[in-house]
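In: Predicted model, plus sequence, below.
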Amino acid sequence: MTAGAAPAPVRVLLVDDQELVRSGLRRILRRRDGFEIVAECGDGSEVPAALDSDGVDVVVMDLRMREVDGITATGRILARPDGPPVLVLTTFDDDEMLSGALRAGAAGFLLKDSSADDLIRAVRTVATGGSWLDPAVTGRVLSRFRSFAPAPVTTDPATTQLTARELEVLRAMALGRSNGEIAAELVISELTVKSHVGRIFTKLNLRDRPAAIVYAYDHGLVSPATS
């Protein structure tokens, strides 16, 4: 990029079966604010073709669609070697679908009635490799996720690479604690928590915080009975 040139826009794929919703998203994620809507899909079945034809930095995904739902579409996206991260948009009462999206690999979820500023921050965060878990529903989603967690698989040898403190941080993340809450609980600084989180991702080859939550339950580091 030459000196003084504007940064490249975040390239967004919108997936929602309601044109009215997509229109509203287009009005918020504007080019002048650093976004480019490269394609739109009215169903999850249309996503592979859209990904093949356009460079995409982040997918903004509805969950309930007629042919291929958002959970299935998310899983297919993230099975691709170059699959972009997925931010799920949903309604307040979609906890069961959200827990499924979490397991499918979504990097975050946001309520459809969230503010425009939150949407912009969430899309930017997910597009740059971060995660976004809407605090309005995170607790309920994790509660449902715990209720339906499968029996843990055989312990991953990679888990033995974690220090005792990193295991504490991973378990706290799986219970939905924020970095600030983990810092207060373990009586350490938030910066130290961030360092632990980064090392956990590296050691376990995890993409983001939602992936760490799924990993913790799948490998028996927390259990459905954990409060």
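Out: Ah, there it is. Numbering: from 1, shown residues only.
In: I'd guessed Val60 sits against Arg11; true?
Out: No - counting by CB atoms under 8 Å, Val60 stays clear of Arg11, with 11.4 Å between them. For every residue, glycine as well, the C-beta is placed using N, CA and C.
In: same for the worst-scoring helix or strand of the chain on mean pLDDT, what does it pack against?
Out: In the chain, no helix or strand scores lower on mean pLDDT, DSSP states H and E than helix 138-147, which sits at a mean of 71. When contacts are defined as 3 or more CB pairs under 8 Å, 6 or more residues apart in numbering; DSSP states H and E, helix 138-147 sits against helix 95-104, helix 209-218.
In: mind listing what's buried in stretch 111-129?
Out: 111-112, 119-120, 122-127 (16 or more other CB atoms under 10 Å).
In: can you check stretch 61-72 too?
Out: By neighbour count on 16+ other CB under 10 Å, the buried set for stretch 61-72 is 61-63, 65, 68-72.
In: ok so, going back, can you redo the helices and strands packed on helix 138-147 as a markdown table with distance to Leu162?
Out: Output for the helices and strands packed on helix 138-147, formatted as a markdown table (distance: least, CB to CB, whole Å):
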| stretch | distance to Leu162 |
| --- | --- |
| helix 95-104 | 21 |
| helix 209-218 | 11 |
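In: Least confident of these, on average?
Out: With a mean of 82, helix 95-104 has the lowest mean pLDDT of those.
In: hang on, the earlier thing: please flag which of the buried residues of stretch 111-129 sit within strands.
Out: Leu111 (DSSP state E).
In: Return the member of the buried residues of stretch 111-129 nearest to Asp134.
Out: Leu111 (5.5 Å; CB to CB).
In: quick one: the helices in this structure?
Out: Assigned by DSSP state H, the chain shows helices spanning 19-28, 47-53, 70-79, 95-104, 116-127, 138-147, 164-174, 179-186, 190-204, 209-218.
In: Quick one: closest of those to Pro7.
Out: helix 116-127 (11.2 Å).
In: Please parse this protein into its domains.
Out: Domain ranges of the chain: 10-144, 152-218, per automatic domain parsing.
In: what residues does the least confident helix or strand of the chain touch?
Out: Residues from elsewhere that reach helix 138-147, judged by CB atoms under 8 Å, 6 or more residues apart in numbering: 95-96, 98-99, 102-103, 109, 174-176, 213, 217, 222-224, 226.
In: Out of those residues, which comes closest to Glu36?
Out: Phe109 (22.7 Å).
In: count of neighbours near that closest one?
Out: 28 (other CB atoms under 10 Å).
In: distance of it from Leu119?
Out: Distance from Phe109 to Leu119, counting by CB to CB, to the nearest Å: 12 Å.
In: Same check on Ala79?
Out: 26 Å.
In: Switch the buried residues of stretch 61-72 over to JSON lines; also include pLDDT.
Out: Shown next, in JSON lines, are the buried residues of stretch 61-72 (pLDDT from 0 to 100):
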{"residue": "Met61", "pLDDT": "95"}
{"residue": "Asp62", "pLDDT": "92"}
{"residue": "Leu63", "pLDDT": "89"}
{"residue": "Met65", "pLDDT": "90"}
{"residue": "Val68", "pLDDT": "93"}
{"residue": "Asp69", "pLDDT": "91"}
{"residue": "Gly70", "pLDDT": "91"}
{"residue": "Ile71", "pLDDT": "92"}
{"residue": "Thr72", "pLDDT": "94"}
